[in-house]
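1. What would the 3D arrangement of this be:
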Amino acid sequence: MRHWYEKDIDLLEAEQQAMRQFFPQFQLNKLDDDRLYWLGTVKISNEKYGSWTLMAVYDHDHPSSTYGGSVKVYSVNPDLNELQSQLSSKRIPHILKDTAGNYYMSVGTIEDFKKSNVVCSAAATLRGAMRWILYTTRWLNGDIEENFTTTSFESFLHENGDLIVPKHVIFSNRAFTALLAETKEKIKTETGGIFIGVMRNDTWYVVEAIDPGPKSIFQTAYFEYDGDYVRHLANKVNRLYGDKLDVLGLWHRHPGSMDTFSSTDEGTIKQFAEQNNGITLSALVNIDPKFRLTMYVATLNPTSYKKINYEVDDSKIPQEIKNVLPHKEIEKQINSIINERYSLSKHNESKKNKTSFRDILANYLHTTKHIPISNGVIFENSEDEYNKIIDDYLVDECLFCDEHGIPYVFEKKKLNEVEFLVGDVNSGLKFSFFIINFKYRNNFINQNLFWRLFSTNEIKKMTGKNPCFIHKGNLYLYKGNLLKKAWEEFKK
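-> Down below sits the predicted model:
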């Protein structure tokens, strides 16, 4: 029998990525019955019952929406079975028994279990376990009434959500210096930036602070981020750290001594929080007359802002968080990718029929949706459109050719037309690339065929400019990685 993690590799990778982000101290293992489980320790305080070693076990039928979820969280230390025995008549709040009679944590609310389509990952279940621990630890230490009820526990969950709210923020010297440098550069206007780093229980580490982008709006009393740039740079920086960082929040400067949020601020903060499980950092910088930073943690449902402390100290950031990937590791990854692609190329060469890549591409184009156009039609590209075709589209095609030893050439024709030749000069396939605005219906296109073959969702809102190419008198929508897609279709 194939297990869920063998049948759905993408799901397993998603589970692992979420655990690396939220619970990097946990290790993945396998039980004798082939169920996967995560094992690790979480610490919420230095008090009694402040440290818990947990085991999150996937059911065989994960992911499923069974009562209690398809990931069960057991406490290894303290052991819930032993703890329940010691408590005698007192019953530990919100626990369930599995078929073997072992206790595990019931981490959801009644409303959660009423939703039959809810399926939780191990990371999400462990976040629920954290709020279970917060409640149960207080109950064990006598901070919550002894005669608890299910209603009281439900109220606690709704009050605290599934959030581990940070109590402390630690900046790297580099991140805080970047914040100061951005403030200094835009000293006469509002400005801001983004925090990226790692969440570890109630301490969040800000490893990098990135600038807001060249298309941001900087005014004396108004500021707006360049969203596309911020996402791009955050992803780039994250790769240097092995994809272990996350966007933690944002900061911006306010005029004078105003250290509370405007309605515009609240809208931006809400967007960040919604992308981060309902919680985000948000800091305000004031010059009144000296530099001052006020750090808040913002949560949703209901929206609230709480001031928290911060400090700047590299020595308090765990080494595995602040270290970038060793260059040897990146070299190893590059070589692994090249070797894999080289193997694919050799696989093609070993095929008995020795099908040429020219034939592979021609067959793929024959089965791809296209429409005929009038002979001799040439589309005009602007200079910017020409550069976009080269930089955004053809670079991937050229890389594919380089990796598989396929000759190619592209050149600029009249009216900024881009001609791309795949294969040798005499027998290769030619493509003419251009960008067209499909808002306008052109007489040289068979309109009935066009509207029947290219559905609305394939064309950017029917008003945006779409990359296309012409091959042998037919018009195709270009959707990226043409040569790679042809190759992958052939391998099937």
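2. neighbours around the residue found closest to residue 324 once you drop the neighbours it is linked to in the chain, how many?
-> Computed as Cβ to Cβ, 6 or more residues apart in numbering, the closest residue to residue 324 that is not its neighbour in sequence is residue 240, at 4.7 Å. Where C-beta positions appear, they are placed from N, C-alpha and C, glycine not excepted. Look at residue 240: counted by other Cβ atoms under 10 Å, it has 13 neighbours.
3. just use 17 as the starting number from now, easier for me
-> Will do, 17 is the new start, and the previous item becomes residue 256.
4. Let's see the pLDDT reported for residue 256.
-> Among the per-residue scores, residue 256 holds a pLDDT of 83.
5. any idea how far it lies from residue 224?
-> 9 Å (Cβ to Cβ, to the nearest Å).
6. so the residue nearest to residue 340 sits right up against residue 342, yeah?
-> No. Residue 256 is beyond contact range of residue 342, at 10.9 Å (criterion: Cβ atoms under 8 Å).
7. Can you name the residues bridging to residue 428?
-> Here residue 428 sits in beta bridges with residue 434, as judged by DSSP bridges.
8. Tally up the residues packed near it, please.
-> Neighbours of residue 428 under the rule other Cβ under 10 Å: 13.
9. repeat for residue 375
-> Look at residue 375: counted by other Cβ under 10 Å, it has 12 neighbours.
10. give the contact list for it.
-> Applying Cβ atoms under 8 Å, 6 or more residues apart in numbering to residue 375 gives no contacts.
11. Now do the SS call for it.
-> Judged by DSSP: H, G, I helix; E, B strand; the rest coil, the three-state class of residue 375 is helix.
12. What does the pLDDT read for it?
-> With respect to pLDDT, residue 375 scores 84.
13. any idea how far it lies from residue 424?
-> Taking Cβ to Cβ as the measure, residue 375 falls 16 Å from residue 424.
14. again, but for residue 121
-> For residue 121, the distance to residue 424 equals 58 Å [Cβ to Cβ].
15. out of the two, which sits in the more crowded spot?
-> More crowded of residue 121 and residue 424, by other Cβ under 10 Å: residue 121, with 26 against 18.
16. Thought residue 143 was touching the more buried one, still the case?
-> No. Using Cβ under 8 Å, residue 121 makes no contact with residue 143, being 11.8 Å away.
17. what residue is smack in the middle of the protein?
-> Compute the mean C-alpha point of the chain, and by Cα atoms, centre = their mean the closest residue is residue 262, 8.2 Å away.
18. For the residue nearest to residue 490 when sequence neighbours are not counted, give me its contacts.
-> Nearest non-adjacent residue to residue 490, counting by Cβ to Cβ, 6+ apart: residue 386, 4.1 Å away. Residues in contact with residue 386 (Cβ under 8 Å, 6+ apart) are 469, 487, 490-492.
19. buried subset of these?
-> 487, 491-492 (16 or more other Cβ atoms under 10 Å).
20. Among these, find me the one that's closest to residue 73.
-> Among the buried ones among the contacts of residue 386, residue 492 lies closest to residue 73 (Cβ to Cβ), at 49.4 Å.
21. So that closest one versus residue 388, what's the distance?
-> For residue 492 relative to residue 388 (Cβ to Cβ), the value is 11 Å.
22. can you check residue 499 too?
-> The value you get for residue 499 to residue 388, if Cβ to Cβ is used, is 23 Å.
23. same thing with residue 290?
-> Taking Cβ to Cβ as the measure, residue 290 falls 46 Å from residue 388.
24. same thing with residue 451?
-> Applying Cβ to Cβ, the value for residue 451 to residue 388 is 20 Å.
25. Those two: who's more crowded?
-> For residue 451 and residue 388, the more surrounded residue by other Cβ under 10 Å is residue 451, and the numbers stand at 22 against 13.
26. Break the chain into its domains for me.
-> The record's domain parsing of the chain by automatic domain parsing lists 20-176, 184-338, 372-507.
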